[in-house]
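Asker: how would this look folded up:
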Amino acid sequence: MANALVSIQILPSTPGGASVIPYVDRAIEIIKESGVPYRVAPLETTMEGELGELLAVVQRMNEAMTEMGCASVISQIKIYYNPESGASMGRLLEKYPDGQ
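Answerer: The predicted structure follows:
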């Protein structure tokens with residue numbers, strides 16, 4: 001059972017002021033490659049899993065931004081950690097499965 005939800009909004013300082021879209025796409029690709037359940041939303045993406053595993057994904061995302069030429073990256077992160085009862089996007093979204 002997952003014990004954490006981590007939501008991340010990644011804000012790379014792109015080379016020459018380029019669009020952030022390809023960088024955000026790469027960040028989401030890293031999440032997808034990790035195999036953890038995730039949900040993309042307009043301003044952030046939420047992942048579900050073990051806290052250490054999710055934080056390692058966040059690290060890989062930030063490293064990928066610098067590998068793509070970004071001088072720096074701001075990552076705004078929210079963590080819900082519940083080792084006793086577990087953490088589930090589905091459980092938290094039961095009342096609002098479509099976001100409304």
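
Asker: can you give me the helices for this protein?
Answerer: Ranges of helices in the chain, per DSSP state H, are 21-34, 51-67, 89-92.

Asker: need these in JSON lines (columns: distance to residue 14, mean pLDDT and mean neighbour count).
Answerer: Every residue, glycine included, has its C-beta placed from N, CA and C. Listed next are these as JSON lines, based on distance: least, Cβ to Cβ, whole Å; pLDDT from 0 to 100; neighbours: other Cβ atoms under 10 Å:
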{"stretch": "helix 21-34", "distance to residue 14": "6", "mean pLDDT": "97", "mean neighbour count": "16"}
{"stretch": "helix 51-67", "distance to residue 14": "9", "mean pLDDT": "98", "mean neighbour count": "17"}
{"stretch": "helix 89-92", "distance to residue 14": "29", "mean pLDDT": "90", "mean neighbour count": "12"}
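
Asker: out of these, which is closest to residue 44?
Answerer: Closest to residue 44 of these is helix 21-34 (Cβ to Cβ; 10.5 Å).

Asker: for that closest one, name the packing helices and strands.
Answerer: Counting contacts by 3 or more Cβ pairs under 8 Å, 6 or more residues apart in numbering; DSSP states H and E, helix 21-34 packs against strand 4-12, strand 38-40, strand 45-49, helix 51-67.

Asker: try it again at 6 Å.
Answerer: helix 51-67 (3 or more Cβ pairs under 6 Å, 6 or more residues apart in numbering; DSSP states H and E).

Asker: just the angle for the helix it packs on relative to strand 45-49, thanks.
Answerer: 140 degrees (axes from the mean of the first three to the mean of the last three Cα atoms, to 10 degrees).

Asker: just the angle between helix 51-67 and strand 4-12, please?
Answerer: 10 degrees.

Asker: circling back: can I get the helices of the chain in a markdown table with distance to residue 100?
Answerer: Formatted as a markdown table, the helices of the chain follow (distance: least, Cβ to Cβ, whole Å):
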| stretch | distance to residue 100 |
| --- | --- |
| helix 21-34 | 23 |
| helix 51-67 | 27 |
| helix 89-92 | 15 |
